[in-house]
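Novice: The following block contains a protein sequence and its predicted model.
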Amino acid sequence: MAHHYSPPDTDLNALAQRIKRWGQELGFQQVGITDTDLESHERYLERWLAAGHQGEMGFMAKHGTKRTRPEELVPGTLRVISVRMDYLPPEVETTRVLGQPNKAYVSRYALGRDYHKLMRKRLATLAKAIEEEVGAFGYRAFVDSAPVMERALAQKAGLGWFGKNAMLLNPKAGSLFFLGELYTDLPLPLDAPFESEHCGKCSQCRIACPTGAIVDDKVVDSRRCISYLTIELQGSIPQEFREAMGNRIYGCDDCQLVCPFTRFTRASQEEDFAPRHDLDRAELVRLFAWSEEEFLNKTEGSAIRRIGYERWLRNLAVGLGNAPWSEGVEAALRARLAYPSDLVREHVRWALERQGKKSRQVIATAV
C-alpha cells in the first residue's frame, strides 16, 4: 500500500456512510473513521514504557514508532476504519462466579471461540464490499495482532473515551467489546473524536482492582495486573499477588464489571462467543484434572490455548490454593506434586501449604 489512492468521482461522504452501514450488517456495533495522527498517545506510550509498566511484554517496545504511526507500519495509510463488537454472551454470570471460590473464573472475552479470526474475516468482507464500490484500493486488517494502538484509534474515531482503568468506554455499551481496524489509503471524511469523558469522580475501577494495578488515572502497571500475571507472564507468579488472584485463572474483568457503564452492555448475538465446555462455571478441580491432550482439544480455536498447558496448571494451582479446604481440593493438588515441571510443582506446593493451614483451622473450629 505504498501509493495514495484517488477514487474516481466517488462521493466520499456517501461512501463513508455506506461503510458504516455495511459494518453494522456484518455484526459490528459501531464503525468510525480517523486519521493517523497519534502524537499525544505516542508520548503517553513512551512514558508508560519508560516506567517499565509493560513487564515481560517486550513486543510493546520492539516495533519502535510503527505502533503509534500507522503510515510507518503500512506505508500509504491515510485513514483507519475502527470497529467494535460486543462479546458478552447472553445469560453468562460474571460477579456471581467470582463469589464461588470452588469455580474457575475465565475472563468473559475468552469463553468461546477466538475472536481474532472472526473479526479479521468480517473486516476482510467489509474491505471487499468497499472494493466492489470503488475498485482496487490499499488496505490491511488488524485485530489485536500487530503493533496497533487500537484504543487510541477507536477514541479518535469517536467510539468512546479512556476510562480510569485505561479501557475504552462507550456511554451506551460499557467496555465489554473487541476492537478491530482497517488501515486504508482512501481519503475518507473523518469522524469527530470522542473528547468528553464521563468518569467524573468515580474511581470504582481503581478501588476494585484486586492487586492495585491501576496506579494512576488511565495508567495500568501490567506487572500487578491479574490479566498479565495469568496470560502474559511466563514464569512464577509473584507470591504477593497469588491470594488476590482468588479464582481468576485466565484474565480478570473486575475493573470492567464494577464500572457503572457496564450496565449498558448488550448481550452478543455471535454464536462463536458462547461458552464452550462450561468454561463460564466450571469447577477448579475438574479443570485441573484435564490431561494435556484434553486441554489442547478443549481449547482448540480458543484464546486460552496460547498460554499452554503448563501455565494453565500454574494458574489453576493458585486458584485451588485460594479455594476453601476440602479433601477433593487437597487430593487434586497432591496428584500434581510430581508433575514434571518446576513451575507447576512450585505453585502446587504453595497451594498445598495454604490448604494445610485451612484444614487445621477447620479442625480447630470443629473442636
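Specialist: On my side now, so go ahead. These numbers come from a predicted model, not from an experiment.

Novice: in what helix or strand does Glu294 lie?
Specialist: Using DSSP states H and E, Glu294 sits within helix 292-298.

Novice: buried set for the helix or strand following that helix?
Specialist: Following helix 292-298 in sequence order, the next helix or strand is helix 308-322 (DSSP H and E). By neighbour count on 16 or more other CB atoms under 10 Å, the buried set for helix 308-322 is 309-322. Where you see a C-beta, it was placed from the backbone N, CA and C, and this is true even at glycine.

Novice: what separates the spatially most central residue of the chain from Tyr250, distance-wise?
Specialist: Against the mean C-alpha coordinate of the chain, by CA atoms, centre = their mean, the closest residue is Tyr109 at 6.6 Å. Noted for Tyr109: a distance of 10 Å to Tyr250, by CB to CB, to the nearest Å.

Novice: What is the longest helix anywhere in the chain packed up against?
Specialist: Longest helix in the chain by number of residues (criterion: DSSP state H): helix 342-366. In terms of contacts (3 or more CB pairs under 8 Å, 6 or more residues apart in numbering; DSSP states H and E), helix 342-366 is packed against helix 308-322, helix 327-334.

Novice: okay, those helices in TSV with distance to Lys121 next?
Specialist: Shown next, in TSV, are the helices and strands packed on helix 342-366 (distance: least, CB to CB, whole Å):
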stretch	distance to Lys121
helix 308-322	25
helix 327-334	39
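
Novice: which one of those lies closest to Arg242?
Specialist: helix 308-322 (5.0 Å; CB to CB).

Novice: Could you export the closest one as CSV, CA atoms only?
Specialist: Provided in CSV are the C-alpha atoms of helix 308-322 (Å, rounded to 0.1, in the frame of the first residue of the first chain):
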residue,chain,number,x,y,z
GLY,A,308,-0.2,-23.6,27.1
TYR,A,309,-0.8,-26.4,29.4
GLU,A,310,2.0,-25.7,31.9
ARG,A,311,0.7,-22.1,32.7
TRP,A,312,-2.9,-23.4,32.7
LEU,A,313,-1.9,-25.8,35.6
ARG,A,314,0.1,-23.0,37.3
ASN,A,315,-2.9,-20.7,37.3
LEU,A,316,-5.3,-23.4,38.4
ALA,A,317,-3.0,-24.4,41.3
VAL,A,318,-3.2,-20.8,42.6
GLY,A,319,-7.0,-20.9,42.3
LEU,A,320,-7.1,-24.2,44.3
GLY,A,321,-4.8,-22.8,46.9
ASN,A,322,-7.3,-20.0,47.4
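
Novice: change the start of the numbering to 567 and stick with it
Specialist: Shifting the count to begin at 567 puts that one at helix 874-888.

Novice: Helices of the stretch 617-766 of the chain, residue ranges please.
Specialist: 625-628, 636-639, 661-664, 681-700, 716-722 (DSSP state H, counting those that start in this stretch).

Novice: Tell me which of those helices is the most buried.
Specialist: A comparison of the helices of the stretch 617-766 of the chain by mean neighbour count, using mean count of other CB atoms under 10 Å, puts helix 716-722 on top with a mean of 24.

Novice: Let me see the residues that make contact with that helix.
Specialist: 598, 600-601, 603-604, 607, 634, 636, 646, 648, 650, 708, 710, 726-728, 732-734, 745-747, 759-760 (CB atoms under 8 Å, 6 or more residues apart in numbering).

Novice: Just the buried residues of these.
Specialist: Buried among the contacts of helix 716-722 (16+ other CB under 10 Å): 598, 600-601, 604, 607, 634, 636, 646, 648, 650, 708, 726-728, 732-734, 745-747, 759-760.

Novice: Settle this for me: Leu684 is touching Glu836, isn't it.
Specialist: Yes - if you go by CB atoms under 8 Å, Leu684 and Glu836 touch, sitting 7.2 Å apart.

Novice: Where does pLDDT dip in this structure?
Specialist: 567-575, 930, 932-933 (pLDDT under 70).

Novice: so where do the strands sit in it?
Specialist: Counting by DSSP state E, the chain has strands at residues 596-600, 645-652, 671-672, 705-708, 727-728, 734-735, 743-750, 780-782, 785-786, 814-816.

Novice: Could I get those strands in JSON lines, plus columns for distance to Glu896?
Specialist: Compiled in JSON lines, these are given as follows (distance: least, CB to CB, whole Å):
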{"stretch": "strand 596-600", "distance to Glu896": "49"}
{"stretch": "strand 645-652", "distance to Glu896": "41"}
{"stretch": "strand 671-672", "distance to Glu896": "21"}
{"stretch": "strand 705-708", "distance to Glu896": "46"}
{"stretch": "strand 727-728", "distance to Glu896": "44"}
{"stretch": "strand 734-735", "distance to Glu896": "42"}
{"stretch": "strand 743-750", "distance to Glu896": "39"}
{"stretch": "strand 780-782", "distance to Glu896": "35"}
{"stretch": "strand 785-786", "distance to Glu896": "35"}
{"stretch": "strand 814-816", "distance to Glu896": "18"}
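
Novice: Ile797: which of these is closest?
Specialist: strand 814-816 (6.6 Å).

Novice: Show the secondary-structure elements that the closest one is packed against.
Specialist: Using 3+ CB pairs under 8 Å, 6+ apart, strand 814-816 sits against strand 671-672, helix 874-888.

Novice: Let's have those in a markdown table, adding distance to Gln822.
Specialist: Output for the helices and strands packed on strand 814-816, formatted as a markdown table (distance: least, CB to CB, whole Å):
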| stretch | distance to Gln822 |
| --- | --- |
| strand 671-672 | 13 |
| helix 874-888 | 19 |
